[in-house]
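In: quick one, what's the 3D model for this:
(chains A, B and C)
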Amino acid sequence: MRRLSWAPRLSHDGNREVKWTPTHIPEIAQATLQHLGLSVGAVAIGLALALLVGVPSARRPRVYAIALTACNFVFVIPSLALFALLIPYVGLGTKPALIGLTLYCLLILLRNVVTGLRTVSEDVLDAADGMGLHPIQRLLAVELPLALPLIVSGIRIALVTTIGIATVAAFIDAGGLGTIILSGIDQNYTEKILVGGGLTAFLAIACDLALSRAEKSLTPWR
Amino acid sequence: MFTVAFDWILAHPTLFNRALERHLTMCAIAIGLGLTIGLGLALSIVNSRRLAAVAVNGVNALRTVPSLAILALMMPLLGIGIWPAVVALTILAIPPILLNSYVGLRDVDPTVLDAAVGMGMTRGQILRKTRLPLAAPAIFAGARTATVQVLAGATLAPFIGGGGLGDFIAQGIGMMDSARMLVGAIPIALLALTAEFSLGSLEKLLFTPRVGK
Amino acid sequence: MIEMNRVSKRYGQTVASVDDLSLTVPEGTTVALIGPSGCGKTTTMRMINRLIEPSSGSIKVNGRDVMELDPVQLRRGIGYVIQQVGLFPHVTIAENIATVPRLLRWDRARTERRVDELLEIVGLEPAQMRGRYPHQLSGGQRQRVGVARALAVDPPVLLMDEPFGAIDPVARGRLQSEFRQILARIRKTVVMVTHDLDEAVTMGDRVAIMRQGRIVQYDTPDVVLSKPVDDFVADFVGSERALKRLALFGVAERMSKSPPRSTAPAISRNANLREALSAMVGSGSDRLAVVNAEGIAIGELHRDRIFTP
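Out: Next up, the predicted model:
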């Protein structure tokens, strides 16, 4: 259970030895899994939404501009404030966290989906139409595969960003590595802060590297 | 719910204004310091490929550490209160400013620099009259991103005793009071949107290429 | 065969890029649409496969009105080759060519055989080329693949929009004559848009000269070059049309079979009269010895035989 105390107490000195980590691996693992679940979940839903909005708006500049501005507005709102704005409607816990994180991903994902689709050159599209591909066939067989490198790049950036923001989810009872950091603040326990922060950074870097590799292997035709 | 929040603010003006003032002060100082340090660092690394690589990699690594952790790590080092928070926020502001300024300064058209040297300008003059003005759009973009980061970080400052509007959100969570959360969340959101919108407009105003006569 | 009857395309009220145009392309012939920029030739061609829809008039392909067919099905039955080729960069050459067969659900074995067959027809080595990607090919090779792709399901009609426009001039002439031979062999109804008069005259059985959305003259290259119907056409084909016309006739048709003088310069039997004239001017001789592939003289061409019609 979380202890919500927003005024950190300096009731004991900060601990400087590695005493807590080895005996609390299950707790750390659970927090990590929660954290990953929230982040990956948000990016997955965000991707679906980005495709839903991005595909029709790739060739409609005005629609795209409106959608992009809306996402941009959400993106600049600090995460805790966004979660707080959602809580009156969906309560505490995973729901506001997931919704908020998904909304944050949208800006990056939408931008990359649309930019990716726009890089497909006009003559390839013309040839596809002229050969008798259905619009949907054209999308699935030609446009999306060619847009894939940029889309994967967007997923990478979105995931890394979301992993960082998801630490705040701890405040609203959604779990994740932020709980360890918070607990460290509460108890003035430096080791916890380092473990929580360090693991988050590590997750972010690991995802960054893995997806970079994926990005490179997706363009054998270059 | 929103009206309850509003009423609370009207009923407690001093409390609210103090938090607002604290919030704005922290952010302003952090952005100011961030600009100075970030820009200064960018200027010093722009001529050295190796220093630049070190700085860029270091800053990129820093970006993966969540802001909450950066704030929290101030505690064992600097204790709690407004100044540790400001330091943490400055640390958050530096990466975007440094990266953008560095790229902006580095990518100035070499033919322009060549012309400046050819005209007999001193290093200082070249910097002031050509490099900085041409890098200004990038620096501004960096400052814009930094502002968003700092505003976001300031929301979490109360958790290390820094005060600010985030205090109300924290109280709201502790008291299970949604209205109290909104007292903090709404002004913070409005602040962020205003900053983004006005900086965006300012950017367009200052840096859109002018159509000459 | 393609019948276009009083076809117009209007954008807005006043601008007609194609104006009351009627054209019949007999089966198995190649028609070259040519004219200055903006004359409507590309718009005309793109109405045949309904990439552009006509504002009025009717277009029939093999007796069926194109507006009554499902556009996607229509296009699968018409080969389409464009200037920039538009090969899909993310799949291999073989997969590019196999696009329409896949859409029509041909089985794999049949598709592979067809791909190899087509690569040979367009002059590419199948074993070498099938697994390559478009970016690994030269411009000329890419255009050959583009044609192979268009011919994949053996459509009766082929549309070509400036097919050699993006090829460098050195390779272009060679590709043009090669494709003339390929088209002659496979017997398709072809509509080709070009801005290059030499290309139109080399590759077309008929040439349609267009201007401001209308056809000004539609006839064989010989007639268009020798009897331009008005000043515009005369101007368009240029003052060297008599010389261009010479290129339509081969040396073998005009030579006499008598043994040539040994001092006469040699010319290949596959050359055309323009090349022969050029050789005579260059060498200062009034006659040439026509030789076959082995270099043996098979006849003689006298200058007078070039001048008589």
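In: chain B contacts on the stretch 101-250 of chain C?
Out: By the rule CB under 8 Å from any CB of the partner chain, no part of the stretch 101-250 of chain C lies against chain B. Using the backbone N, CA and C atoms, a C-beta is placed for each residue, glycine as well.
In: just say helix, strand or coil for the closest residue to residue B:22 other than its chain neighbours.
Out: Of all residues not flanking residue B:22 in the chain, residue B:163 sits nearest, at 4.3 Å (CB to CB, 6 or more residues apart in numbering or on different chains). Under DSSP: H, G, I helix; E, B strand; the rest coil, residue B:163 falls in the coil class.
In: find the centremost residue of the chain, please.
Out: Because you didn't say which chain, this covers chain A. residue A:162 (3.2 Å; CA atoms, centre = their mean).
In: um, chain C though
Out: Note: chain C centre (CA atoms, centre = their mean) maps to residue C:203, 4.0 Å.
In: any idea how far the nearest residue to that one once chain neighbours are set aside lies from residue A:105?
Out: Distance criterion CB to CB, 6+ apart; nearest residue to residue C:203, sequence neighbours excluded, is residue C:180 at 5.2 Å. With distances taken as CB to CB, to the nearest Å, residue C:180 is found 56 Å from residue A:105.
In: swap in residue C:1?
Out: Applying CB to CB to residue C:1 and residue A:105 gives a distance of 56 Å.
In: try residue C:198
Out: To residue A:105, residue C:198 is 57 Å away according to CB to CB.
In: which one's more surrounded, those two?
Out: residue A:105 (28 against 13; other CB atoms under 10 Å in any protein chain shown).
In: my guess is the more buried one meets residue A:46, correct?
Out: Yes - with contact defined as CB atoms under 8 Å, residue A:105 reaches residue A:46; the gap is 3.3 Å.
In: mind listing what the residue of chain A found nearest chain C touches?
Out: Closest to chain C within chain A is residue A:127: 2.8 Å, counting by CB to the nearest CB. Residue A:127 is in contact with C:80, C:82, C:85-88, C:146, counting by CB atoms under 8 Å, 6 or more residues apart in numbering or on different chains.
In: from those residues, which ones fall inside helices?
Out: Among the contacts of residue A:127, DSSP state H puts residue C:146 in helices.
In: list only buried entries from the contacts of residue A:127.
Out: Neighbour counting with 16 or more other CB atoms under 10 Å in any protein chain shown marks C:80, C:82, C:85-88, C:146 as buried within the contacts of residue A:127.
In: list just the nearest of those residues to residue B:189.
Out: Distances from residue B:189 to the buried ones among the contacts of residue A:127, taken as CB to CB, are shortest for residue C:88 (45.6 Å).
In: re earlier: now, the buried ones among the contacts of residue A:127 that are in strands?
Out: C:80, C:82 (DSSP state E).
In: which residues of the chain score low on pLDDT?
Out: All of this refers to chain A. Low-confidence segments of chain A (pLDDT under 70): A:1-18, A:220-222.
In: oops, wrong one, chain C.
Out: In chain C, residues with pLDDT under 70: C:309.
In: circling back: residues contacting the residue nearest to residue B:22?
Out: The contact partners of residue B:163, by CB under 8 Å, 6+ apart, come to B:18-19, B:22-23, B:26, B:82, B:85, B:157.
In: could you give the number of residues near the residue of the stretch 101-250 of chain C found nearest chain B?
Out: Closest residue of the stretch 101-250 of chain C to chain B, CB to the nearest CB: residue C:135 (27.9 Å). Using other CB under 10 Å, the number of residues around residue C:135 comes to 10.
In: quick check: it touching residue C:90?
Out: No - at 10.1 Å, residue C:135 and residue C:90 do not qualify as touching, with contact defined as CB under 8 Å.
In: output the helix or strand of chain B with the lowest mean pLDDT in CSV with nothing but the alpha carbons.
Out: Ranked by mean pLDDT, DSSP states H and E, the helix or strand of chain B with the weakest confidence is helix B:123-126, at a mean of 77. Provided in CSV are the C-alpha atoms of helix B:123-126 (Å, rounded to 0.1, in the frame of the first residue of the first chain):
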residue,chain,number,x,y,z
ARG,B,123,36.0,36.2,-33.1
GLY,B,124,33.7,38.1,-30.7
GLN,B,125,32.1,40.1,-33.5
ILE,B,126,31.5,37.0,-35.6
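In: mind listing what's buried in that helix?
Out: Of all the residues in helix B:123-126, those buried under the rule 16+ other CB under 10 Å are residue B:126.
In: doesn't residue C:3 belong to a helix?
Out: No - read with three-state DSSP, residue C:3 is strand and lies in no helix.
In: report the contact partners of residue B:24.
Out: Neighbours of residue B:24 in contact, by CB under 8 Å, 6+ apart: none.
In: give me the distance from whichever helix in chain B runs longest to the chain's centre.
Out: The single longest helix within chain B, with elements called by DSSP H, is helix B:13-45. Relative to the chain's own centre, helix B:13-45 is displaced by 7 Å; criterion: CA atoms, centre = their mean, to the nearest Å.
In: buried ones in it?
Out: So, applying 16+ other CB under 10 Å, buried residues of helix B:13-45: B:16, B:19-20, B:22-23, B:26-27, B:29-31, B:33-35, B:37-39, B:41-43, B:45.
In: could you do stretch C:238-258 as well?
Out: Under the neighbour-count criterion of 16+ other CB under 10 Å, stretch C:238-258 has C:241, C:244-249, C:251-252, C:254-255 buried.
In: please apply the same query to stretch B:60-71.
Out: Residues of stretch B:60-71 classed as buried by neighbour count (16+ other CB under 10 Å): B:63-71.
In: which helix or strand contains residue C:305?
Out: Under the criterion of DSSP states H and E, residue C:305 resides in helix C:303-307.
In: contacts for that helix next, please.
Out: For helix C:303-307, using CB under 8 Å, 6+ apart, the contacting residues are C:246, C:254-256, C:273, C:276-277, C:280, C:286-287.
In: who touches the residue of chain B found nearest chain A in this structure?
Out: Closest approach between chain B and chain A, counting by CB to the nearest CB: residue B:69, at 2.7 Å. Residues counted as contacts of residue B:69 (CB under 8 Å, 6+ apart) are A:167, A:181, A:193, A:196-198, A:200-201.
In: before we move on, what about residue C:45?
Out: By CB under 8 Å, 6+ apart, residue C:45 lies in contact with C:33, C:159, C:161, C:191, C:193.
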